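Enquirer: Fold the stuff below for me.
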Amino acid sequence: MIEPRPIVHAFVDELPGVREEGTLYISIRFRTAIHNCFCGCGAKIVTPIRPTKWRLAFDGDSVSLSPSVGNWSYPCRSHYIIKNGVAIPAGDMPQDEIAAGRARDRRLEDRYFERADEREKLAAPAVDERSPQRRRKGFLNWLLGKK
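Expert: Predicted coordinates for the structure are as follows:
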């Protein structure tokens with residue numbers, strides 16, 4: 001892909017086995033978007049829509065996907081941004097920058113899940129550590145209006 005190219009998007013219930021060139025398929029159910037690499041090589045590209053992966057924006061007419069899509073594991077090594085229904089070439093990246101980006105992504109993901117664990121602990125109901133007999137007595141007192 002040398003120049004920006006318009007793409008189309010399709011919201012689908014199931015991810016298609018056969019994909020049309022130039023189409024970004026979006027499954028809300030699976031929180032995933034897939035497409036054939038926009039360089040034209042035909043590689044299947046999967047972009048999970050997650051707080052720690054890609055974010056999807058839909059303005060009613062076109063879609064944007066961020067961050068950029070870097071296909072570093074494929075022979076084409078294409079790299080592009082999907083913005084307002086256009087795949088925009090972003091150029092190659094040196095291997096050290098790719099490694100740094102992957103390390104940054106892992107750190108962000110670790111922090112996200114650490115915060116999720118903290119939120120879960122805060123939301124957990126308090127555990128009544130009294131003996132079963134004291135809990136029953138407390139419940140009966142509450143039921144009878146004694147406390």
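Enquirer: what's the residue with the shortest distance to the centre of the chain in contact with, if anything?
Expert: The residue lying closest to the centre of the chain (Cα atoms, centre = their mean) is residue 50, at 1.7 Å. In this structure, residue 50 makes contact with residue 31, judged by Cβ atoms under 8 Å, 6 or more residues apart in numbering. (Each C-beta comes from the backbone N, C-alpha and C, glycine too.)
Enquirer: Would you mind finding the longest strand in the protein?
Expert: Taking residue count as the measure and DSSP state E as the definition, the longest strand of the chain comes out as strand 63-70.
Enquirer: Which SSE is immediately downstream of the host helix or strand of residue 115?
Expert: Taking DSSP states H and E as the criterion, the element that holds residue 115 is helix 95-123. For helix 95-123, the following helix or strand on the C-terminal side (DSSP H and E) is helix 132-143.
Enquirer: mind checking how far that following helix is from the chain centre?
Expert: The chain centroid and the centroid of helix 132-143 are separated by 47 Å under Cα atoms, centre = their mean, to the nearest Å.
Enquirer: how does the chain divide into domains?
Expert: For the chain, whose domains are defined here by automatic domain parsing, the residue ranges read 5-92, 94-125.
Enquirer: right, and residue 109 touches residue 51 too?
Expert: No: using Cβ atoms under 8 Å, residue 109 is not in contact with residue 51; the gap is 9.0 Å.
Enquirer: Of those two, give the one with the bigger neighbour count.
Expert: For the pair residue 109 and residue 51, the greater number of neighbours falls to residue 109 (14 against 11), based on other Cβ atoms under 10 Å.
Enquirer: what sits against the more buried one?
Expert: If a contact means Cβ under 8 Å, 6+ apart, then residue 109 has residue 52 as its contacts.
Enquirer: Recalculate using a threshold of 10 Å.
Expert: When contacts are counted by Cβ atoms under 10 Å, 6 or more residues apart in numbering, residue 109 touches 50-53.
Enquirer: for residue 86, same thing?
Expert: Residue 86 is in contact with 4-7, 38, 62, 64, 80, counting by Cβ under 10 Å, 6+ apart.
Enquirer: rewinding a little: identify each buried residue in the helix holding residue 115, please.
Expert: By neighbour count, with 16 or more other Cβ atoms under 10 Å as the criterion, the buried positions of helix 95-123 are residue 98.
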